[in-house]
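Undergrad: build the 3D model from these lines:
(one chain, ligands or ions: 2)
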Amino acid sequence: MSRLSRQKTALILGITGQDGSYLAELLLGKGYNVHGVVRRASMFNRSRIEHLRAGAGRNRLTLHYSDLTDHTSLRRIVQKVAPREVYHLAGQSHVGLSFEIPEVTSEENATATLALLEILRDLAQPVRFYHAASSELFGAPDRAPQDESTPVNPVNPYGCAKAFAAQMCRVYRQAYGLFAVNGIAYNHESPRRGENFVTRKISLGAARIAAGQQKEIVLGNLDAKRDWGWAPEFVEVMWRSLQAGTARDYIFATGRATAVRDFAAAAFAELGLRLKFSGKGRAEIARRTDTGAIVLRVDPKFYRPIESTTLVGDARLARRKLGWQPATVGTDVARQMVRADFSALKA
Ligand code: NDP
Ligand code: GDP
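TA: Ligands and ions are numbered 1, 2, ... in the order given. Sure, this is the predicted structure:
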């Protein structure tokens, strides 16, 4: 492989996911040869990248079968592809579910990251590694907003696994000089978000209710707040972080937290439905003001055993070093998501 083509060769783990699919789009648009790892599934699992397989960059997109738990095949792929950039965006990404499947969460998010670091450590040629770390590292932080120096204090199995992986990236950076970046990303959403995350549950539910296809949405804690940004803007900064002169950790966040209740109200309002909330906590409901019908209800089964406290990030380092400033924030995200879901229902 020529030096020039290696410069523009990237491997994406998690290419079929929300972020991986947007990143693949971005890199193909920049002229990269993009290699993606996909795993075997009993049903089609490539809907988010299907358009890329038919698009202008299709000849520069190659998919490889592997799994985060199959370290031998991952090593073989990395050696064969010889990427200059590796984006590790794969794993069990659902915090709530990590309480149900903590061992899988740990194997995929912690152990597999270590295995990847070991594979890269053995490579002869230099490589740049992006690790999708998470605000869940902070869990119950002692300050808000959090920055790169905030102490780690995860409160769920997902956060614990990400904390281990992020620390291992730092160790490999310091011990072996590996160009390893931890992107400590706060929640970022899009119409490609998995349907069991609260934002997508709301946008899809509101769109279906407006289209007369569903009666109500059932949610958990409406008081929970998140720093919600826009996934396409986040993959842009992931790429920028690997073009920088130095590898380091960055916070990627909008700096504003929005409550689940306000996100839902904005999503419904975008479709012309105003909500009136009543009741408290686990008994809260919301009715449409025009018909009085209940369209949102709380069910305690969606509450978590422990909730991360207000996670809101200070991304000044990313702004200073990478020139990154997210534009789509909180309720803007709700409006864009619900519009996309509503249009898709009408199509
Ligand atoms: P998704 O859940 O949308 O995508 C996860 C990807 O990982 C999918 O491609 C999935 O494949 C793949 N994957 C899961 N398990 C395995 C496995 N055992 N072997 C191979 N591939 C696997 O996540 P996002 O795109 O939203 O997030 C990307 C990364 O960023 C994740 O690590 C997530 O934890 C982290 N993160 C995300 C945030 C967010 O708000 N989105 C915030 C902070 C961190 P398949 O399609 O087959 O399921
Ligand atoms: P997370 O921040 O990565 O856990 O993203 P989620 O979208 O799964 O959850 C964001 C917040 O929404 C958490 O504080 C949840 O407790 C809260 N939440 C409230 N209702 C729901 C729900 O029905 N599903 C999910 N997934 N989260 C909910």
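
Undergrad: give the contact list for the nearest residue to Arg226 once chain neighbours are set aside.
TA: In this structure, Arg226 finds its nearest non-sequential neighbour in Asn187, 4.7 Å apart by CB to CB, 6 or more residues apart in numbering. Where you see a C-beta, it was placed from the backbone N, CA and C, and this is true even at glycine. Counting by CB atoms under 8 Å, 6 or more residues apart in numbering, Asn187 touches Ser135, Thr199, Arg226, Asp227, Trp228, Gly229.

Undergrad: for the first one, grab the count of nearby residues.
TA: Number of residues near Ser135 (other CB atoms under 10 Å) recorded here: 24.

Undergrad: and the residue nearest to Arg226, what pLDDT?
TA: We have a pLDDT of 98 for Asn187.

Undergrad: around ligand 2, pick out the residues from this protein.
TA: 95-96, 187, 196-199, 201, 219-221, 224, 226, 260, 302, 304, 307 (CB under 6 Å from any ligand atom).

Undergrad: show me just the buried residues among those.
TA: 95-96, 187, 197-199, 201, 219-221, 224, 226, 260, 307 (16 or more other CB atoms under 10 Å).

Undergrad: reformat these as JSON lines; add distance to Thr246 and secondary structure.
TA: Formatted as JSON lines, those follow (distance: CB to CB, whole Å; DSSP: H, G, I helix; E, B strand; the rest coil):
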{"residue": "Val95", "distance to Thr246": "30", "secondary structure": "helix"}
{"residue": "Gly96", "distance to Thr246": "36", "secondary structure": "helix"}
{"residue": "Asn187", "distance to Thr246": "27", "secondary structure": "coil"}
{"residue": "Phe197", "distance to Thr246": "33", "secondary structure": "coil"}
{"residue": "Val198", "distance to Thr246": "36", "secondary structure": "helix"}
{"residue": "Thr199", "distance to Thr246": "33", "secondary structure": "helix"}
{"residue": "Lys201", "distance to Thr246": "39", "secondary structure": "helix"}
{"residue": "Leu219", "distance to Thr246": "42", "secondary structure": "strand"}
{"residue": "Gly220", "distance to Thr246": "41", "secondary structure": "coil"}
{"residue": "Asn221", "distance to Thr246": "39", "secondary structure": "coil"}
{"residue": "Ala224", "distance to Thr246": "35", "secondary structure": "coil"}
{"residue": "Arg226", "distance to Thr246": "30", "secondary structure": "strand"}
{"residue": "Val260", "distance to Thr246": "37", "secondary structure": "helix"}
{"residue": "Glu307", "distance to Thr246": "35", "secondary structure": "coil"}
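
Undergrad: tell me how many other residues surround Lys215.
TA: 12.

Undergrad: list the contacts of it.
TA: Ile209, Ala293, Val295.

Undergrad: please, which helix or strand holds Glu236?
TA: Following DSSP states H and E, one finds Glu236 within helix 231-243.

Undergrad: neighbouring contacts of the following helix or strand past that helix?
TA: Moving toward the C-terminus from helix 231-243, the next helix or strand (DSSP H and E) is strand 249-252. Contact with strand 249-252 is made by 133, 146-148, 166, 170, 181-186, 188, 229, 234, 237-238, 241, 313-315, 317-318, 321-322, 324, 326, as judged by CB under 8 Å, 6+ apart.

Undergrad: quick one: strands adjacent to strand 249-252?
TA: Strands that pair with strand 249-252, judged by DSSP bridges, come out as strand 179-185 (parallel).

Undergrad: apart from its neighbours in sequence, what residue is nearest whatever residue of the stretch 1-150 of the chain ends up closest to ligand 2?
TA: For the stretch 1-150 of the chain and ligand 2, the shortest gap (CB to the nearest ligand atom) falls at Val95, measuring 3.4 Å. With CB to CB, 6+ apart as the criterion, Val95 has its nearest non-adjacent residue at 4.6 Å, and that residue is Tyr158.

Undergrad: wasn't that neighbour part of a helix?
TA: Yes - counting by DSSP: H, G, I helix; E, B strand; the rest coil, Tyr158 is part of a helix.

Undergrad: select only the buried ones of the contacts of strand 249-252 in PyMOL?
TA: Of the contacts of strand 249-252, the buried ones go into a single PyMOL selection, burial set by 16+ other CB under 10 Å:
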select buried, resi 133+146+147+148+166+181+182+183+184+185+186+188+229+234+237+238+241+313+314+315+317+318+322+324+326
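
Undergrad: contacts with ligand 1 among the contacts of strand 249-252, please.
TA: Ala185, His188.

Undergrad: so what does whichever residue of the chain sits closest to ligand 1 have for phi and psi?
TA: Closest residue of the chain to ligand 1, CB to the nearest ligand atom: Gly17 (2.1 Å). With angles defined as degrees, to the nearest 10, Gly17 sits at phi -90, psi -180.
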